[in-house]
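give the three-dimensional model of this entry:
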Amino acid sequence: MGTAMVVLEDVHLSLESAAGSVNILRGVDLSIGAGETLGLVGASGSGKSTMMAVIAGLERPSAGSVRVNGADLGGLSEDGLALFRRDTIGIVFQSFHLVPTMTALENVAIPLEFAGRRDAFAAANTELERVGLGQRVGHYPSELSGGEQQRVALARAVAAGPKLLLADEPTGNLDSESGGAVIDLMFSLRAQHGATLLLISHDAEIAARCDRVVRMADGRVIEAAETPAAAATGA
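Model (predicted):
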């Protein structure tokens, strides 16, 4: 596997609520190799999305260490974390998070512009062609189907060439046909970009397409196993 892209060591996260302190992550240890695809499964409330937020630097753990692409996230300021996310991470959510007043092209190009890319719009156009939306670049989200919107979100997530792609239930709002097409695209784009993939899915068949599946329960990793897909690729 070579180097590790993500290393979590004894990560805890507690949040304060009206009822007191709630332990969401309770000592998570996890390592994801560079270039690996990892499926994350578990019941609702098991801590999957929170763990992904910790890896993305969107939530700071109460205890433990988080290293991504060699960076210790605990040592970064908010500005440092923003730069880390910009340069390292692509995220696809269940709800598409597109800006409704921007065209597909603008939605993909804006993060590239923020990153100082002079070819932002050309690169965005190329990425939209890769996801089969070359004819839809001027359309607004409201003019696109759910599957098309998620393909725009996928193009946006990979356009800057992230080293780590995070996907949280990316097919959750799609019918099975659209969802299957999005998953196929995600795996092919990940391969083209050479990115590591962490995929949260409630669908065991989708998770099993990854090299390894990790199961969470009550804020802990309770099981990790290689999948037949890993054996087939020799991962």
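
buried residues of the lengthiest helix in the chain, list them for me.
Using DSSP state H, we find that the single longest helix of the chain is helix 176-193. Going by neighbour count (16 or more other C-beta atoms under 10 Å), the buried part of helix 176-193 is 178-179, 181-183, 185-187, 189-190, 193. The way it works is simple: take the backbone N, C-alpha and C, and place the C-beta from them, glycine included.

low-confidence stretches in the protein?
Along the chain, segments meeting pLDDT under 70 span 1-2, 229-235.

please enumerate the helices of it.
Applying DSSP H to the chain gives helices spanning 48-55, 78-88, 104-114, 120-130, 146-158, 176-193, 204-207, 228-233.

which stretch among those helices comes nearest Gly27?
Set against Gly27 and scored by C-beta to C-beta, the helices of the chain come closest in helix 48-55, at 11.7 Å.

next, count neighbours for Val22.
When neighbours are defined as other C-beta atoms under 10 Å, Val22 has 11 of them.

could I get the contacting residues of it?
14-16 (C-beta atoms under 8 Å, 6 or more residues apart in numbering).

sorry, back to before: and the longest helix of the chain, what does it pack onto?
helix 146-158, strand 164-168, strand 196-200 (3 or more C-beta pairs under 8 Å, 6 or more residues apart in numbering; DSSP states H and E).

what angle separates the longest one from helix 176-193?
For the pair helix 146-158 and helix 176-193, the angle between their directions (axes from the mean of the first three to the mean of the last three C-alpha atoms, to 10 degrees) equals 20 degrees.

go on, the second one?
Direction vectors for strand 164-168 and helix 176-193, defined by the same axes, to 10 degrees, enclose an angle of 170 degrees.

leaving out sequence neighbours, find the closest residue to the residue most central in space within the chain.
By C-alpha atoms, centre = their mean, the chain has its centre lying nearest to Leu166, at 1.0 Å. Computed as C-beta to C-beta, 6 or more residues apart in numbering, the closest residue to Leu166 that is not its neighbour in sequence is Ile91, at 4.7 Å.

that neighbour - how many residues pack around it?
Using other C-beta under 10 Å: Ile91 sits among 21 other residues.
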